[in-house]
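1. sequence unavailable; structure follows:
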């Protein structure tokens, strides 16, 4: 495991050079009959992000014309063969040093514990993206998806045991070895391990459906305080951990609750609706909302994020087409941070 000590992973609110998105592949969908709805959701997300920062769309060769006809000339296109459309999870994690130099971590990807095949093309996407942008590539031996980690940029990382310690990812790596690799590659010193993610999350508990930092010292947590809800026990379990765990600065984090939307079932599947699967762009927040009986919960999430990110414009998009496929806006995006020295401003509202 090669050490990457002088580099660190910037927080998502640091200034982006661009956003990466992969155009979805019909054969990979859980419900391929919804393909057009999914394409419309991707197109809406791309158009929303492009109002704030450059977007690069990763496309298969045979999908290029259709993608460009939908998304137009306002974005960049890079042809890289891939199996699926979840760039957060198979794309590179970009780290940066104090001089603004970047490297990309190429984690191993096995389709969320080999749940879906094939995934060999997805496993090759990250190094090809890095080569395209002339960013040096560091290979990690860990199977890891970007949606399973979140950082505050000050040395603290959030994740779940359900995912990173799952034997379908890294059966030969004990917890201490996983922690060592995360610390070496991402420049963090403290890992907050929550137990379980949302019920029904087929990623085995990705943190980006459950909790994230809004700034150093503040964690947003999706919660269910209804004792009859299937996620209530998970909420209480994770809240107990957060109330008794210090971040890298040695302080107890402030916890901000975002109420879970009412349960929704699609074709006998309970959907893990999450407001935490939003994406931070330069000066904006792209937030999935769910409408209908979730309207007041949507409004609550908008209110909280407006308070937490006062310099960002909140843009809402219908989250239903993507969540039927198991993810949402954060899952389909991956940021490339700008080359900024650590002592320079990295405020994404610039």
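-> Perfect, I can see it now. Keep in mind that this is a model prediction, so the values were computed, not measured.

2. measure residue 21 to residue 59 for me?
-> Residue 21 sits 10 Å away from residue 59, going by Cβ to Cβ, to the nearest Å. C-beta: built from backbone N, CA, C; applies to glycine.

3. of the two, who's got more company?
-> Using other Cβ atoms under 10 Å as the criterion, residue 21 and residue 59 rank with residue 21 on top: 26 against 22.

4. ok, the more buried one to residue 305 distance?
-> Taking Cβ to Cβ as the measure, residue 21 falls 21 Å from residue 305.

5. and if you look at residue 140?
-> Separation of residue 140 from residue 305 (Cβ to Cβ): 32 Å.

6. just give me the residue right at the centre of the protein.
-> Nearest to the geometric centre of the chain sits residue 147, at 3.9 Å (Cα atoms, centre = their mean).

7. strands of the stretch 101-250 of the chain, start to end?
-> Taking DSSP state E, counting those that start in this stretch to define them, one finds strands in the stretch 101-250 of the chain at 102-108, 137-143, 150-151, 156-160, 190-194, 211-215, 218-223.

8. now distance to residue 14, mean pLDDT and mean neighbour count too, for these, in CSV please.
-> Shown next, in CSV, are these (distance: least, Cβ to Cβ, whole Å; pLDDT from 0 to 100; neighbours: other Cβ atoms under 10 Å):
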stretch, distance to residue 14, mean pLDDT, mean neighbour count
strand 102-108, 12, 98, 21
strand 137-143, 19, 98, 17
strand 150-151, 10, 98, 25
strand 156-160, 15, 98, 26
strand 190-194, 19, 98, 20
strand 211-215, 11, 98, 21
strand 218-223, 16, 98, 21
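
9. can you redo those strands as a markdown table with distance to residue 271?
-> Listed next are the strands of the stretch 101-250 of the chain as a markdown table, based on distance: least, Cβ to Cβ, whole Å:
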| stretch | distance to residue 271 |
| --- | --- |
| strand 102-108 | 27 |
| strand 137-143 | 25 |
| strand 150-151 | 21 |
| strand 156-160 | 19 |
| strand 190-194 | 21 |
| strand 211-215 | 19 |
| strand 218-223 | 14 |
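
10. got a pLDDT number for residue 170?
-> Reported pLDDT at residue 170 in the predicted model: 95.

11. now residue 5
-> Per-residue pLDDT puts residue 5 at 56.

12. and the closest residue to residue 193 other than its chain neighbours, how far is that from residue 330?
-> Once flanking residues are discounted, residue 193 sits nearest to residue 161: 5.4 Å by Cβ to Cβ, 6 or more residues apart in numbering. Going from residue 161 to residue 330 by Cβ to Cβ gives 20 Å.

13. compare these two (neighbour count), which wins?
-> residue 330 (26 against 15).

14. count of neighbours near the residue nearest to that one when sequence neighbours are not counted?
-> Spatial nearest neighbour of residue 330, chain neighbours left out: residue 277 (4.4 Å); criterion: Cβ to Cβ, 6+ apart. Neighbourhood size, residue 277 [other Cβ under 10 Å]: 29.

15. residue 277 touches residue 326, doesn't it?
-> No - using Cβ atoms under 8 Å, residue 277 makes no contact with residue 326, being 10.8 Å away.

16. contact partners for the closest residue to residue 230 other than its chain neighbours?
-> In space, and not counting its chain neighbours, residue 230 is closest to residue 199: 4.7 Å by Cβ to Cβ, 6+ apart. Contacts for residue 199 (Cβ atoms under 8 Å, 6 or more residues apart in numbering) come out as 230-231, 234, 270, 272.

17. farthest pair within the residues you listed?
-> Farthest pair in these (Cβ to Cβ) is 234 and 270. Separation: 13.4 Å.

18. so those two - more neighbours on which side?
-> Between residue 234 and residue 270, residue 234 has the larger neighbour count (other Cβ under 10 Å), namely 23 against 15.

19. what sits closest to the more buried one if chain neighbours are left out?
-> residue 196 is the one closest to residue 234 (Cβ to Cβ, 6+ apart), at 5.0 Å.

20. do you know how far that neighbour is from residue 206?
-> 11 Å.

21. residue 134 too?
-> For residue 134 relative to residue 206 (Cβ to Cβ), the value is 30 Å.

22. what about these two, which has more around it?
-> residue 206 (33 against 7).

23. any weak-confidence spans in the chain?
-> The chain contains residues with pLDDT under 70 at 1-5, 342-350.

24. quick check: buried residues in the longest helix anywhere in it?
-> Looking across the chain with DSSP state H, the single longest helix is helix 35-50. Across helix 35-50, burial judged by 16 or more other Cβ atoms under 10 Å covers 37-39, 41-50.

25. ditto for stretch 50-65
-> Of all the residues in stretch 50-65, those buried under the rule 16+ other Cβ under 10 Å are 50, 52-53, 55-60, 63.
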